[in-house]
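Q: need coordinates for the following:
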Amino acid sequence: MSEDLLRELSHLAESVGATVHVVGGYLRDRVLRREPVDLDLLVEGPPAPFLQALSRRARFEPIVFSRREPVTYRIALDDWLIDVSACEPGGLGDELRRRDFTLNALSAPLYTPGAASHPDLVSRLDRPFDPLGGLADLMARRIRHISLAGLEEDPLRLLRAVRLTTTLDGFVLDHTTREAIQSRAGRIASVAVERVLGEMEVILACPRAGAGLRMMREMNLLFPI
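A: Next comes the predicted model:
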């Protein structure tokens, strides 16, 4: 992803006075020097002004990608799909604690009104906010869940752990996380088939698909799926 695009998004946020953060997978992949596959943005406060500015730039209306709280909107911009969600002002830390795994609980300010003293965008992206030890887990190549409540709130995360372990080269699943998934494996049957399919397509397209399927079998996920 071109940093020029991120600068443009920062200018869009500035034009409407919105506090916007980059969160999750983009920052994880940046740390790992991998080509990012998605871009998640988090708006503090009402997301409508920023979404409208983004929509005008993209010449596409946003769609509701997920109605789970917080509601996530998706918009196509050039060759990228950008997901936008919102939290209460000052609620960034709480929002990161509601995410799935520590390595996805990273954030960096895209634009913050009145923060003229912030370092440049590249420096901000390269020094993400990390309240849950995600950077240490990235360095250890470890997939670790944030909370049991998070796994139970969205059981698709049980399968997402397999997908991340399979697609991130050299990563292993934390022992405690593995036990937590195994004891809750039956919950995967409550997830919409379309959401399960999305994760399975990525696992099966990966060169380590066999390892992913064996992991699913070992954790009792394969049969219910």
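Q: distance of Phe101 relative to Leu168?
A: When Cβ to Cβ, to the nearest Å is applied, the distance between Phe101 and Leu168 equals 11 Å. In short, each C-beta sits where N, CA and C put it, glycine included.
Q: and the two? Which one has more around it.
A: Here Phe101 and Leu168 are set side by side on neighbour count (other Cβ atoms under 10 Å), and the busier one is Phe101, at 25 against 19.
Q: contacts only, for the more buried one.
A: Residues in contact with Phe101 (Cβ atoms under 8 Å, 6 or more residues apart in numbering) are Gly134, Asp137, Ile143, Arg144, His145, Ile146, Arg157, Arg160, Ala161, Leu164, Thr177.
Q: my guess is Cys13 contacts Arg7, does it?
A: Actually, residue 13 is Ala rather than Cys. No. Taking Cβ atoms under 8 Å as the definition, Ala13 is not a contact partner of Arg7, at 10.7 Å.
Q: give the contact list for the residue positioned nearest the centre of the chain.
A: Nearest to the geometric centre of the chain sits Gly24, at 3.7 Å (Cα atoms, centre = their mean). For Gly24, the contact set (Cβ under 8 Å, 6+ apart) comprises Asp38, Asp40, Arg99, Asn104, Ala105, Leu106.
Q: farthest pair within those residues?
A: Maximum pairwise distance among those (Cβ to Cβ): 15.5 Å, between Asp38 and Ala105.
Q: out of the two, which sits in the more crowded spot?
A: Between Asp38 and Ala105, Ala105 has the larger neighbour count (other Cβ under 10 Å), namely 26 against 14.
Q: ok, now how distant is that one from Pro131?
A: 7 Å.
Q: one more: Glu61?
A: Using Cβ to Cβ, one gets 34 Å for the distance from Glu61 to Pro131.
Q: which one of those two has more residues nearby?
A: A count of neighbours by other Cβ under 10 Å puts Pro131 above the other of Glu61 and Pro131, at 14 against 10.
Q: can I assume the more buried one sits in a helix?
A: No. Membership of Pro131 in a helix is not supported by DSSP: H, G, I helix; E, B strand; the rest coil, which gives coil.
Q: from start to finish, how long is stretch 147-162 in a straight line?
A: 17 Å (Cα to Cα, to the nearest Å).
Q: what's next to that stretch, contact-wise?
A: Identification of contacts with stretch 147-162 by Cβ under 8 Å, 6+ apart yields 68, 97-101, 143, 145, 173, 177, 180-181, 184-185, 187-188, 190-191, 195-196, 199-200, 203, 212, 215-216, 219, 221, 225.
Q: buried set for it?
A: Gly150, Leu151, Asp154, Pro155, Leu156, Arg157, Leu158, Leu159, Arg160, Ala161, Val162 (16 or more other Cβ atoms under 10 Å).
Q: hang on, the earlier thing: need the residues touching each of Ala105 and Pro131.
A: With Cβ under 8 Å, 6+ apart applied, the overlap between the contact sets of Ala105 and Pro131 consists of Leu96, Arg97.
Q: partners of the lengthiest strand in the chain in the sheet?
A: Across the chain, the longest stretch assigned as strand under DSSP state E is strand 80-87. Applying DSSP bridges, strand 80-87 is found paired with strand 39-44 (parallel), strand 72-77 (antiparallel).
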